[in-house]
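Novice: Show me how the following folds:
(one chain, ligands or ions: 2)
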Amino acid sequence: MKKDFTPEDELLFLALGGSGEIGMNVNLYGCRGRWLMVDLGMSFSGGEYPGVDLVFADLEFMEERADTLDGIVLTHAHEDHIGAVPYFAADLGVPLYATPFTADLVARKLAEAGLTDEVELNIIEEDHGKLTVGPFTITYIPLAHSIAEGNALLIETPFGRVFHTGDWKLDDDPIIGEPTTEEELQAIGDEGVLALVCDSTNVFNPAPSGSEGAVHRGLLEEVQRHAGKRVLVTTFASNVARLQTLGDVARETGRELVIAGRSLERIIEVAQDNGYLEDFPERVDWDTAMKLPRGEVLILATGGQGEPRAALARVAEGTHPLELTRGDVVLFSSRQIPGNELAIGLVQNRLAARGIVMVTDRQSEIHVSGHPGRPELETLYGWLRPEILVPVHGEMRHMQEQARVGLGCGIPDAVVQANGDLCRLAPGKPGKIAEVRAGRLVLDGDIIVPADGDAITMRRRMARDGMVIVVLGKGGSAHVEAIGLPLDEDEGAFIAEAKADIAAAFSKLKGPARSDRAEIMETARLAARRAAARWSGKKPQVRVIIPEDAETRR
Ligand SMILES: [Zn+2]
Ligand SMILES: [Zn+2]
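Specialist: Residues are numbered from 1 along each chain as shown. Ligands and ions are numbered 1, 2, ... in the order given. Predicted coordinates for the structure are as follows:
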């Protein structure tokens, strides 16, 4: 590697997102002066950034050397793998590659952003499609996951082959798609795998993820158990196999299917355009559904993560045209994404208060994960027999644990890395060789800014501490305003005292300090802050303003 991080005669790996967190996956492979990007995902803010919904990996490292990037290969269509495409792909200026279902969803995102002509999007055959990007030859290896067209990538490099799993599980009854067989994965292992770059999400799960086919039985039983009641099922819209299952369950239980939520409508449309959900039942509209006997309706709704504007939250509030009443049933055919527990709890409490029966994946087998539990990881290690394990797609504790499991299974080397750790996979002993800039960006309103930048930092402080504004007038007078301080009826008294304190502090200024603008502002700031602390016990942000026409000696 040259000093400017140009890969030389070597194979480098660098995560800019998704290693040390679950979400916003961005992985880079470097070889002989060129880079390949795998996935360009985003995360949803769990409230840690006030006023922000979307979080992105900081791509500065790649943007600064964009002329050495040859392409972006997308494994599958989950937002943590494609969500950042509309925000960054045009600037990176390289071709994108994806299988048809993924490409269709990406194309819609690009169209919505008005970028269709700005980004080259190439569709790769979904069954073992192959492509060459710079020094890398890539084969898509279909694996089961919780979305149509989940793929690993087999990346051939001059230094050996990397098996980049993407998100995966083992499922002998996946309902949708044909995952690569054990025999084929064994054969890939026979030919030699240098590095396995692998999903760590569920490494702490001691059991296998379970089959989508079993979910069919679980959902069918639950819907049958609640004959005569209106049943609403909420699931991740992108889980096409689950939608297929629910369509089948509706038919098998003699219920009409009704859809609530735009993301569900969109996925059904994209799936059908790409040859999935071909025998999915016709849907009835909301009016028709509400006129049917209660036991003849199955509602598919978004909002299982507690999203406040989604269909389920509105059903729970009683503000949605689709109504549930005492004794009706909501099935949560999804898991709680960490960080969403409070929002989900809020919706569930509203439903409970109205006497609506809820069933989650803890009471009944109505959901399985799309990520491998430890037994599946161990099975894949045995098939592929890699020389190096690189855990990704996990928080540090998940990745560390996967390394431990992998080494325990006899993999000779494991590289535990985090976003920004530049690692050499070959030649020589694999490991971290340098640290590059990696960070987070947030979409704040219409602007993408650093997550640790001034705007977010100040907004956090204001949210925590409140704010006092001091406007200095002529002759030492001051106007004081308190925002977000717990003063109530004491506010007037606080303001009077803050003004008096400011005037008193000015009177102590001596000589040149009396006309030093910075000195005056700092004096006023400290006086107002001390007054606020005395009255409220809080130390608010204080902004001091001197209007131009008020410039004067104190
Ligand atoms: Zn995924
Ligand atoms: Zn993922």
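Novice: Ser238 contacts His78, correct?
Specialist: Yes. The pair Ser238 and His78 qualifies as a contact (CB atoms under 8 Å) at a distance of 6.3 Å. (Glycine included, C-beta is placed from N, CA and C.)
Novice: pLDDT of stretch 195-210, averaged?
Specialist: The average pLDDT for stretch 195-210 rounds to 97.
Novice: for that stretch, which positions count as buried?
Specialist: 195-203, 205, 208-210 (16 or more other CB atoms under 10 Å).
Novice: wait, does that stretch make contact with ligand 2?
Specialist: No. Judged by CB under 5 Å from the ion, stretch 195-210 makes no contact with ligand 2; its nearest approach is 7.2 Å.
Novice: Stretch 66-83 now?
Specialist: Yes. Using CB under 5 Å from the ion, stretch 66-83 comes into contact with ligand 2 via Asp80.
Novice: What mean pLDDT does that stretch get?
Specialist: On average, stretch 66-83 scores 97.
Novice: what do you get for stretch 10-23?
Specialist: 97.
Novice: ok, now stretch 390-400?
Specialist: 98.
Novice: what does it rub up against?
Specialist: 13, 15, 18-22, 25, 27, 167, 195-201, 203-204, 402-403, 406, 414-418, 423, 425 (CB atoms under 8 Å, 6 or more residues apart in numbering).
Novice: And that stretch, how far out from the chain middle?
Specialist: 16 Å (CA atoms, centre = their mean, to the nearest Å).
Novice: now swap in stretch 70-77 and tell me
Specialist: Its chain's C-alpha centre and that of stretch 70-77 lie 17 Å apart, by CA atoms, centre = their mean.
Novice: Is that stretch in proximity to ligand 1?
Specialist: No. On the criterion CB under 5 Å from the ion, stretch 70-77 is out of touch with ligand 1, staying 5.5 Å away.
Novice: Please list the members of the contacts of stretch 390-400 that lie in strands.
Specialist: Phe13, Ala15, Asn27, Ala195, Leu196, Val197, Cys198, Asp199, Ala414, Cys423, Leu425 (DSSP state E).
Novice: isn't the fifth one right up against Trp383?
Specialist: Just to be clear, that refers to Leu196. No. Leu196 is beyond contact range of Trp383, at 10.1 Å (criterion: CB under 8 Å).
Novice: Distance of the closest residue to Gly17 other than its chain neighbours relative to Ile545?
Specialist: Excluding its sequence neighbours, the residue lying closest to Gly17 (CB to CB, 6 or more residues apart in numbering) is Ala57, at 3.0 Å. Ala57 sits 38 Å away from Ile545, going by CB to CB, to the nearest Å.
Novice: So between the two, which is more surrounded?
Specialist: Ala57 (31 against 12; other CB atoms under 10 Å).
Novice: if I pick that one, what's in contact with it?
Specialist: Contacts of Ala57 were listed using CB under 8 Å, 6+ apart, and they are Leu16, Gly17, Gly18, Met24, Val26, Gly41, Ala84, Asn419, Ala438, Gly439, Arg440, Leu441.
Novice: go on, Ala237?
Specialist: Leu243, Gly261, Ser263, Leu264, Arg266, Ile267, Thr302.
Novice: part of a strand, is it?
Specialist: No. Using DSSP: H, G, I helix; E, B strand; the rest coil, the assignment for Ala237 is coil, not a strand.
Novice: any common contacting residues for Ser238 and His78?
Specialist: With CB under 8 Å, 6+ apart, Ser238 and His78 have common neighbours Ile147.
Novice: now the ones in strands among the contacts of stretch 390-400 in a markdown table, with distance to Asp53?
Specialist: Output for the ones in strands among the contacts of stretch 390-400, formatted as a markdown table (distance: CB to CB, whole Å):
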| residue | distance to Asp53 |
| --- | --- |
| Phe13 | 30 |
| Ala15 | 23 |
| Asn27 | 24 |
| Ala195 | 35 |
| Leu196 | 34 |
| Val197 | 29 |
| Cys198 | 29 |
| Asp199 | 25 |
| Ala414 | 35 |
| Cys423 | 32 |
| Leu425 | 35 |
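Novice: picking up where we left off before, switch the contacts of Ala237 over to CSV, and while doing so, append pLDDT and neighbour count to every line.
Specialist: Output for those, formatted as CSV (pLDDT from 0 to 100; neighbours: other CB atoms under 10 Å):
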residue, pLDDT, neighbour count
Leu243, 97, 27
Gly261, 96, 20
Ser263, 94, 15
Leu264, 96, 21
Arg266, 95, 14
Ile267, 96, 25
Thr302, 97, 23
